[in-house]
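Q: fold the stuff below for me.
(chains A and B)
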Amino acid sequence: MPNAVIFDYGVGNLLSLKTALEKAGLTTIIGTAAKDLAKADAIALPGVGSFTAAASKLGAVKETLQAKVNGGTPLLGICLGLQLFFESSEEGPGEGLAFFEGRNVQLPSTVKVPHMGWNTLNIVQANELFDGVAEGTYVYFVHSLYPVPKDKSIIITTTEYGTTFTSAVASRNIYGTQFHPEKSGDMGIRILKNFARTVKR
Amino acid sequence: MPLAKRIIPCLDVDHGKVVKCINFLNPKQAGDPVEMAQRYSDDGADELVFLDITASHEKRDIMRKYVEGVARAINIPFTVGGGIRNVSDARLVLCSGADKVSVNTAAVENPKLITELADVFGRQCVVTAIDAKRNRTPSEDKIMVGTAEGKVWFEVVTYGGRKPTGKDAIAWALEAERLGAGEFLVTSMDRDGTKDGYDIELTRTISERVNVPVIASGGAGIPKHLFDVFTEGKADAALAASIFHYNQYPVPVVKDYLRKMGVTIRT
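A: Next up, the predicted model:
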């Protein structure tokens, strides 16, 4: 069975993601070092922590991670993990992985922040990550910022909350969701299974 | 579609067993937090709250075990509260797989706790639970709110409702938000256990003044009570316990009713 290395920024709950990836058919390894990433069949950047702290932790493994991803290893970023695909964040200082041009901005102050709870996906283009996931599917969000990609062609889904924001991106073997598939019930597991299928290929 | 209103069953846990919210139709399963979490999750609950009332020195070990079990069994969010007094208590619960911790008495007695938790885990992990009771004694330094029974202020009570603090619940919510609270769980001690409906004025007053989500709690007896607190009470989520007893109003029945009434509910 292929493995997924879950990168640990050193804060909080990784058990939910670990369990959900296992339900999706991957074995999991929690790792923090370049050598952990080197043997990964897939890599997951989880969604718990702050941009500045996570960017700093990732700094030490940035080259390994970029080399792996450029070599075709599937990468899944969730919430903060997705935000780290971009260059910078209004949340705080730090350099993201810059897989994509763009930055992360605060949700508008006209709505309650964090955006917490179940909201729907508008699917703007088909992608293997969302095979079997219908327009209007509810998924679970907990976040205060969202990414603004410069290249709109990577946007797979959007969601409405005070504004229309990018809730999932994909490009080649790089997938990111602003919501938490590991907390989104059966549909979340479906999305993770779709990710796992790209790993086995 | 806007953000859905959340339906949150609450389970009281003592020594690793659920002591409330028991579904008597299946006595073999009653009482096990993992199995009950699984059932509520299958039923379409949007989130779960566990309130741990264990008072013993083995509490941490007991909590770690069932929180891990629940985290492995379900993949919807859940909060654990009850006796979380410091960062170390919160870390145990969050690293065992809970998504959020709720703090109540400990935060009233040491408000800095909210900031410490938010700094370490992020504010989205920090639910501030406020137990409030109506007080009819007019007071100039309190926020007086008009209700059917005249003007009242809402007093924070701690230790499960046993200790009045003299503190204004609305003012406390505003302070806690500044300190880093990511969400409020507001329980009316006047309504808790009565099945007379949520305290609409309490919920609405807090929800209108803070910019983070508010979970209403205390008093749900019929599905209409949830409708009222979502519409008039402006709650973002409704927590209930006994309404789910005996399968009288299972989660799908409550959700169907709310959907028919035009409330945005997750399908």
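Q: ranges for the strands of chain B?
A: Along chain B, the segments classed as strands by DSSP state E run B:6-14, B:17-18, B:48-52, B:78-81, B:100-103, B:126-135, B:145-147, B:150-158, B:163-168, B:183-188, B:214-217, B:237-240.
Q: how near is the nearest residue to residue B:82 once chain neighbours are set aside to residue B:8?
A: Spatial nearest neighbour of residue B:82, chain neighbours left out: residue B:52 (3.4 Å); criterion: CB to CB, 6 or more residues apart in numbering or on different chains. Placement of C-beta: from N, CA and C, glycine included. Distance of residue B:52 to residue B:8, given as CB to CB, to the nearest Å: 16 Å.
Q: repeat for residue B:54
A: According to CB to CB, residue B:54 and residue B:8 sit 21 Å apart.
Q: who's more crowded, those two?
A: Neighbours were counted for residue B:54 and for residue B:8 using other CB atoms under 10 Å in any protein chain shown; residue B:8 has more, 24 against 18.
Q: dump the residue contacts of residue 196.
A: Just so you know, I chose chain A. Counting by CB atoms under 8 Å, 6 or more residues apart in numbering or on different chains, residue A:196 makes contact with A:2, A:4, A:21, A:24, A:25, A:26, A:42.
Q: ah, I was thinking of chain B
A: B:219, B:221.
Q: quick check: phi and psi on it?
A: Per-residue torsions, residue B:196: phi -90, psi 0 (degrees, to the nearest 10).
Q: spell out which parts of chain A neighbour chain B.
A: By CB under 8 Å from any CB of the partner chain, the residues of chain A that approach chain B are A:11-13, A:15-16, A:19-20, A:23, A:48-50, A:109, A:112-120, A:136, A:138, A:140, A:142-144, A:160-161, A:180, A:182-185, A:188-189.
Q: for the closest residue to residue A:46 other than its chain neighbours, pull up the helix or strand it's in.
A: Excluding the flanking residues, the one nearest residue A:46 by CB to CB, 6+ apart is residue A:17, at 5.1 Å. If you go by DSSP states H and E, residue A:17 is part of helix A:15-23.
Q: what count of nearby residues applies to residue A:112?
A: 20.
Q: verify the contact between it and residue B:208 for me.
A: No - applying CB atoms under 8 Å, one finds residue A:112 not in contact with residue B:208, separated by 10.9 Å.
Q: how close does the residue of chain B most remote from its centre sit to chain A?
A: Distance from the C-alpha centroid of chain B peaks at residue B:140, with 29.7 Å (CA atoms, centre = their mean). Distance from residue B:140 to chain A, counting by CB to the nearest CB, to the nearest Å: 30 Å.
Q: can you pull the buried residues of the longest strand seen in chain A?
A: Assignment by DSSP E gives strand A:164-171 as the longest strand of chain A. By neighbour count with 16 or more other CB atoms under 10 Å in any protein chain shown, strand A:164-171 contains the buried residues A:165, A:166, A:167, A:168, A:169, A:170, A:171.
Q: the contacts of residue A:196 into TSV, with extra columns for distance to residue B:87 and pLDDT?
A: Below are the contacts of residue A:196 laid out as TSV (distance: CB to CB, whole Å; pLDDT from 0 to 100):
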residue	distance to residue B:87	pLDDT
A:2	36	94
A:4	29	97
A:21	28	97
A:24	32	96
A:25	36	95
A:26	32	97
A:42	33	97
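Q: just the strands in chain A please.
A: Counting by DSSP E, one finds strands in chain A at the ranges A:3-7, A:27-31, A:42-45, A:75-78, A:88-89, A:102-106, A:115-120, A:122-123, A:138-143, A:145-149, A:155-160, A:164-171, A:174-177.
Q: which parts of stretch B:49-61 are buried?
A: B:49, B:50, B:51, B:52, B:54, B:59, B:60.
Q: ok, the residue in chain A sticking out farthest from the centre - contacts?
A: Going by CA atoms, centre = their mean, the residue of chain A most distant from its centre is residue A:110, 25.6 Å out. By CB under 8 Å, 6+ apart, the contact set of residue A:110 is residue A:162.
Q: what pLDDT does it get?
A: Residue A:110 carries a pLDDT value of 94.
Q: what does it show for phi and psi?
A: Main-chain torsions, residue A:110, degrees, to the nearest 10: phi -80, psi -10.
Q: that one and residue A:2, how far apart?
A: Separation of residue A:110 from residue A:2 (CB to CB) stands at 44 Å.
Q: likewise residue A:30?
A: The separation that residue A:30 has from residue A:2, given CB to CB, amounts to 16 Å.
Q: thinking residue B:127 is in contact with residue B:79, fair?
A: Yes - when contacts are counted by CB under 8 Å, residue B:127 is listed as touching residue B:79 (5.5 Å).
Q: how about the residue of the stretch 51-200 of chain B found nearest chain A, nearest residue that isn't a chain neighbour?
A: Closest to chain A within the stretch 51-200 of chain B is residue B:97: 3.9 Å, counting by CB to the nearest CB. Nearest in space to residue B:97, with sequence neighbours left out and distances taken as CB to CB, 6+ apart, is residue B:71 at 2.4 Å.
Q: the one you found - how many residues pack around it?
A: When counting by other CB under 10 Å, one arrives at 23 neighbours for residue B:71.
Q: these two touch, right, residue B:102 and residue B:81?
A: Yes - using CB under 8 Å, residue B:102 is in contact with residue B:81, at 3.2 Å.
Q: hmm, residue A:132 and residue A:197 touching each other?
A: No - here residue A:197 does not reach residue A:132: they are 11.0 Å apart, not a contact under CB under 8 Å.
Q: more neighbours: the two, which one.
A: Between residue A:197 and residue A:132, counted using other CB under 10 Å, residue A:197 has the larger neighbour count: 15 against 10.
Q: list the contacts for that one?
A: Going by CB under 8 Å, 6+ apart, residue A:197 touches residue A:128.
Q: then residue B:249?
A: Neighbouring residues of residue B:249 by CB under 8 Å, 6+ apart: B:222, B:223, B:243.
Q: how about a cut-off of 6 Å?
A: Contact analysis of residue B:249 by CB atoms under 6 Å, 6 or more residues apart in numbering or on different chains lists B:223, B:243.
Q: got it, and residue B:177?
A: B:210, B:212 are the contacts of residue B:177 under CB under 6 Å, 6+ apart.
Q: quick one: low-confidence ranges for chain A?
A: Across chain A, the ranges flagged by pLDDT under 70 are A:11-12, A:201.
Q: and the residue in the stretch 151-267 of chain B that chain A sits nearest to, its phi and psi?
A: Residue nearest to chain A within the stretch 151-267 of chain B: residue B:266 (4.2 Å; CB to the nearest CB). Per-residue torsions, residue B:266: phi -70, psi 130 (degrees, to the nearest 10).
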